[in-house]
Structure formats: structure tokens, C-alpha cells
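>>> output the structure for:
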Amino acid sequence: MTRAAPDAAAAGASAPRQRISLFWRTFLLLALLIGASLGATLGIAGLLDRAPPEQRLAWEVASVVNLTRSALVSAEPDRRLGLLDQLAHEEEVRVLPKEPEDRIDDSATGPRLRALQPRLRQLLGAQTRVVGRVNGVDAVWISFEIDGDDYWLILPRARVERQFGPGLGVLGLIAASLSLLGALLISRLVNRPLADLSRAIARLSRGQAPSPLADQGPTEIAALNRRFNRLARDLARLDADRSLALAGISHDIRSPLARLRMEIELAELSAEQRASMAEDIERIDRIVGQFIQYARTAEPPRAERVDVAAVLANVDHAYRAAVDSGELELAIDHGDARHWIGDPTDLHRAVNNLIDNSMRYGRASPGEPARIELAARRTPAGLEIEVRDHGPGVPDTDLERLLEPFARMDSARSERGGSGLGLAIVERLARRYGGSLRLVNAPGGGLAASLTLPDYGGIVEGGRESPAERSR
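Predicted coordinates:
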């Protein structure tokens, strides 16, 4: 078997693009619709009302001045005071004579009143003046004349200021903000059932039992959740039945194997025949052991602080006989991997299976020792372990298939004592912790197995919850 050299450019071209989530897709579509609607509404409103607020206010003030002037001119002299009192009480409009000694304070006029003055001069005459404070009284003072006499028309400042209320732009901004907030809430409401389903599927893919999904809400979502709940129950029951069957069959097989060993020891056989038969029985026993391991991967793991260095030291000790016999060259580097949160039996089992797989299929040539390098390192999420051999490698098209149960590269593998479950057991253990097992052809030849094991059990380290638990 030869390894096809990976093409970096092709790998980069085939890398999946970052996709936008349904939540943000729904929100952006709603935001686009809201923005287009508001833009069209504000545009139409601007076309229907072209006059600025200063012009509208100037027309209104000019109308008040002209009506007041006409009323005073046409009214009888003895009724003018009553008319002025009526204007003051009912319309909040006061009229006072303009005196030369009036103290005019231009600093209180303000930019809006200054913008109003030239428009009023066009309507009332060039001598019209708009002031914000006269004789210490804050109001809107507008000068006009009646029969050559100058007067002040006094309006409350609030009556004028309300004409300069928020413009269309401000109103549009407020409406857009409220609408976008509503779109955000609607997007969350629409996306929540799918997000819950996604998390439940993630738990199911790790071999964990997901919490039942709510069967309420929209009919389509409720029907989908009911079917998923039924699927999860069926898969859990199927997995339990399969695990029970594997464990039962394996246990039933091991009992006659033990009797066969005793009969071989008592039988009158040559040493060569006895060794050959014992080797066959040992091979069957190893395969049965893998069946039991695969069945036990469905059980929930323990969560405890594991000394990674101690586990790897035990692994090194377990393979010491193979190293001394020249069958194996094993280099273990635990680096900064001091601890891991999980089940120590699972860690030991995963490392052993990876090394056993490399010993069987990772030799450069028959008769040579298997050269295996194991490196472990601590990550913020948990633990990463890489086991690399220096064998012929595997075709890239078969890398994913090797992680499936009972997968074999060729018929010759059945003669090496394997059942096709070693890597499947490791991959299933990794998924149970929310991790992964990835196989790649290493540069320079050989196969590299990269195992990621996040911390398990929601144990908080350094004040932060483990990523494996947050993903649930």
C-alpha cells in the first residue's frame, strides 16, 4: 500500500466554506425586508411633505399675525382690550406695544428662531424681527406693525418648539431599531426548535441519550420532534440489545476457550502443536475481548481527574516485552499533558488499541520491528494524542472507512489477529466524550492517528466549564 501525497492546493480548494446559521439568515432576511419597507415609507413621506418645519412654522406664525392685526384693526376701540384678553387666555397669544427701551437679548434666540426670521420677513415685511427674550421674559417675540405702530406678538416657546419635533430620519431610526429588535426575537423563536434538535442530534452522535424534545408548538416542528424522540428511543433500545448480545456471546465463547486451553495442556501433543493451538486460542480470546470492549463503549464513562503521565507509563510497561524482543520500537512523549478529566480505563483502552493497530499494520516491511511514536499534549478543551507508525500507509480514499466497525483493508488482515473493531472502539470512545479520531497519512510515510478527548462530566477547571459540557 502506498500513500498518495496530499495536494495542499487541492485541499484548500476543497475546504468547505463557512456557512451562515439559520438564525442569522432569518434575521438578515427580516432586516432586509424591514429596511426596504422603511426606506420606501420615508421616501414617500418626503415626497408628500417637501416643506421644511421652519417654512411651515413661518406660515402658521404669519397667519396668526395677520389674523391678530385684522381683528385689532376691525374691532371697535372699546372692545380691543377684551379681544386681547381673549387671545391671551384662549390662544396663548399676547400683543404688546414695542417700546424703544425694550431690552432685547439676542443670545436667547437660538438657531431655529434665527432660521425662522428670514422666512417671516418674506411674509410680513423686511422690518419683522424674531427674538427669544425681551425684558427678561423667555418666549417667541415677533415684531409687526399696525397703521405705522410697532407691536410685539408673543407666543409661548413650547408652542413653537413642538413644531420642530423629531424629523422623519429620527422617527425612521426609532422604527428601524424597534423592528430589528422584533426581528431578532422572531428569528430566535423560529430557530430555537431547530437549535434544540441540533444539540439533541449531537448528543445522540456521541452515544449519549438526549433529553426528549418538546412535542408542542407548530405542527411541523412538533411532528419532527415526536419522530426524533421515537428514533432516539429505538436507537437506545437497539444499542442496548446489541451490547447485551455482544457481551453475552463473548462470555459464552470464553468459557469453552478456557476448557480448550486446559485440554491442550493435558493432551499428548508436541510442543510445536501445543504452541500453535494456544496461539490460535489466544487470538480468538483477543477478538472476543474486542467485542466486549465495543459493547462497553455504550456505557456512560466515569468522570475523574486522570494522571496522564501515569497511564502512559503503564502503557509503556505493558509493551516492554515486545520492545525487549525486538518486535516494537516505542517512543512515548507526554509533553505537558499532566491530567485529563474522564475515565482512565477509556484512555488506557484507546491508547492500547491505537498501538496494537500500528503494530499489526504499520511495519515498513515484514520482519522489521514496528516503529511507533506516541505524543500527548494538553489543550484548553482536554487532551490530544497522536500515534504514528512508519508503515506503508493507507490510500486516502480508505481513511474514513477504517473507522467503521469490522472494516478491513484486505483479506490478509484477518490473519493478523484483528477483528476490525480496534479503531472503531477508539472512534466510539472519542465521540462519547465529544471528541474525534482522525486518520491521516503522515509526511514521509506511515499512518498518523490523531485522538481528541475533551474533558468530561461538566467539571470546572480554573473557573470555566469544560467545552465538552458546554457543547451539550
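>>> quick check: pLDDT value at residue 383.
Per-residue pLDDT puts residue 383 at 92.
>>> counting by contacts, list what the helix or strand hosting it packs against.
Residue 383 belongs to strand 382-389 when assigned by DSSP states H and E. Counting contacts by 3 or more C-beta pairs under 8 Å, 6 or more residues apart in numbering; DSSP states H and E, strand 382-389 is packed against strand 339-342, helix 344-361, strand 370-378, strand 447-454. From N, CA and C alone the C-beta is placed, and that goes for glycine too.
>>> of all the ones you listed, which one is nearest residue 189?
In terms of C-beta to C-beta, the element of these nearest to residue 189 is strand 447-454, at 31.0 Å.
>>> in the closest one, which residues are buried?
Across strand 447-454, burial judged by 16 or more other C-beta atoms under 10 Å covers 447, 448, 449, 451, 452, 453, 454.
>>> stretch 424-443 now?
Buried, per 16+ other C-beta under 10 Å, within stretch 424-443: 424-435, 437-442.
>>> which residues of the stretch 51-200 of the chain score low on pLDDT?
51-55, 75, 77-78, 80, 88, 90-91, 107-111, 158-172 (pLDDT under 70).
>>> please enumerate the strands of it.
Ranges of strands in the stretch 51-200 of the chain, per DSSP state E, counting those that start in this stretch, are 94-97, 130-134, 137-146, 149-155.
>>> tilt between the second one and strand 149-155?
Calculated by axes from the mean of the first three to the mean of the last three C-alpha atoms, to 10 degrees, strand 130-134 forms an angle of 80 degrees with strand 149-155.
>>> distance of residue 36 relative to residue 140?
As judged by C-beta to C-beta, to the nearest Å, residue 36 and residue 140 stand 41 Å apart.
>>> which of these two has more residues huddled nearby?
A direct count of neighbours by other C-beta atoms under 10 Å for residue 36 and residue 140 places residue 140 higher, at 25 against 10.
>>> what sits against the closest residue to the more buried one other than its chain neighbours?
Using C-beta to C-beta, 6 or more residues apart in numbering and skipping the chain neighbours, the partner closest in space to residue 140 is residue 155 (4.4 Å). By C-beta atoms under 8 Å, 6 or more residues apart in numbering, the residues touching residue 155 are 61, 64, 92, 93, 139, 140, 142.
>>> excluding its backbone neighbours, what's nearest the last one?
In other words, residue 142. residue 153 (4.5 Å).
>>> ok, the one you found - contacts?
When contacts are taken as C-beta under 8 Å, 6+ apart, residue 153 is in contact with 61, 64, 65, 68, 93, 94, 95, 141, 142, 143, 144.
>>> same deal with residue 369?
326, 327, 328, 329, 363.
>>> quick one on the thing from earlier: need the helices and strands packed on strand 382-389 in CSV with distance to residue 266 and mean pLDDT, can you?
Shown next, in CSV, are these (distance: least, C-beta to C-beta, whole Å; pLDDT from 0 to 100):
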stretch, distance to residue 266, mean pLDDT
strand 339-342, 44, 90
helix 344-361, 31, 87
strand 370-378, 36, 92
strand 447-454, 43, 92
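>>> residue 79 is nearest to which of those?
Across these, residue 79 has its closest neighbour in strand 447-454 (93.3 Å, C-beta to C-beta).
>>> circling back to that earlier point, tell me which of the strands of the stretch 51-200 of the chain lies nearest to residue 113.
Among the strands of the stretch 51-200 of the chain, the nearest to residue 113 by C-beta to C-beta is strand 130-134 (5.0 Å).
>>> contacts for stretch 135-147?
With C-beta under 8 Å, 6+ apart as the criterion, stretch 135-147 contacts 61, 65, 69, 72-73, 98, 102-105, 108, 113, 120, 124-125, 127-134, 150-157, 159-160.
>>> just the buried subset of those residues, please.
Buried by 16+ other C-beta under 10 Å: 61, 65, 69, 72, 98, 108, 113, 120, 124, 128-134, 151-155, 159-160, out of those.
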